[in-house]
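# Sequence first, then the predicted structure, then my questions.
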Amino acid sequence: MRLVVIDLIPALLSREGRDSSSGFEVAPDGPDAVAHLYAHYRLIGVADAGVSSLVIGRALEDARISGFFDSIGTSVGFGPAINPRVIRRITRVSRSNEPVVFVTGREHLARTMSRSRVGVVLTNREEFGGVPEAVASLISGRVSP
């Protein structure tokens, strides 16, 4: 089974709108897309160290999608921000030897991860519903990383 690591902010979650008690708004198609990904892949949610994993977990619970993730964490134990080294360490800690697909909403991070030979899906909150298809295309080789 393939591992999909989702850089939760800003791909899936945003502080814009702030209508939930956790201060995050979930992508409009986020819950359905995450459920679809979960049916086919293992999921890990990650965020930069500036946000507590408890706060993120609460936002995902509010959206009723926290149970789809094997783990939810931040880069706090590995550095201030998500980068290829952090992703490698997080996947090692999760005891995963599986190939990784990384989903992010940050262009600079997508470029950095691609240079590290990690399959990357670049998205934004409004287009998150297309992530399952993009991940499947990347894995099947229909598109290159």
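Received, thanks.

# Just the CA coordinates for stretch 43-57, please, in CSV.
The C-alpha coordinates for stretch 43-57 follow below in CSV (Å, rounded to 0.1, in the frame of the first residue of the first chain):
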residue,chain,number,x,y,z
LEU,A,43,-2.5,8.7,5.3
ILE,A,44,-0.3,10.9,7.5
GLY,A,45,-1.2,14.5,8.1
VAL,A,46,1.7,17.0,8.8
ALA,A,47,2.0,20.7,9.5
ASP,A,48,4.8,23.1,10.4
ALA,A,49,5.8,23.4,14.0
GLY,A,50,4.0,26.7,14.5
VAL,A,51,0.7,24.8,14.9
SER,A,52,0.0,22.3,17.6
SER,A,53,-0.9,18.8,16.5
LEU,A,54,-3.7,18.9,19.1
VAL,A,55,-5.2,22.0,17.4
ILE,A,56,-4.9,20.3,14.0
GLY,A,57,-6.4,17.1,15.4
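
# Packing partners of the lowest-mean-pLDDT helix or strand in the chain?
Sorting the helices and strands of the chain by mean pLDDT, DSSP states H and E puts helix 84-93 at the bottom, at a mean of 81. Under the contact criterion of 3 or more CB pairs under 8 Å, 6 or more residues apart in numbering; DSSP states H and E, helix 84-93 touches strand 3-7, strand 42-47, strand 100-104, helix 107-115. Glycine gets a C-beta too; all of them are placed from N, C-alpha and C.

# Just the residues contacting the first one, thanks.
By CB atoms under 8 Å, 6 or more residues apart in numbering, the residues outside strand 3-7 that reach it are 12, 34, 37, 41-47, 82, 87, 90-91, 94, 96, 98-106, 109, 135.
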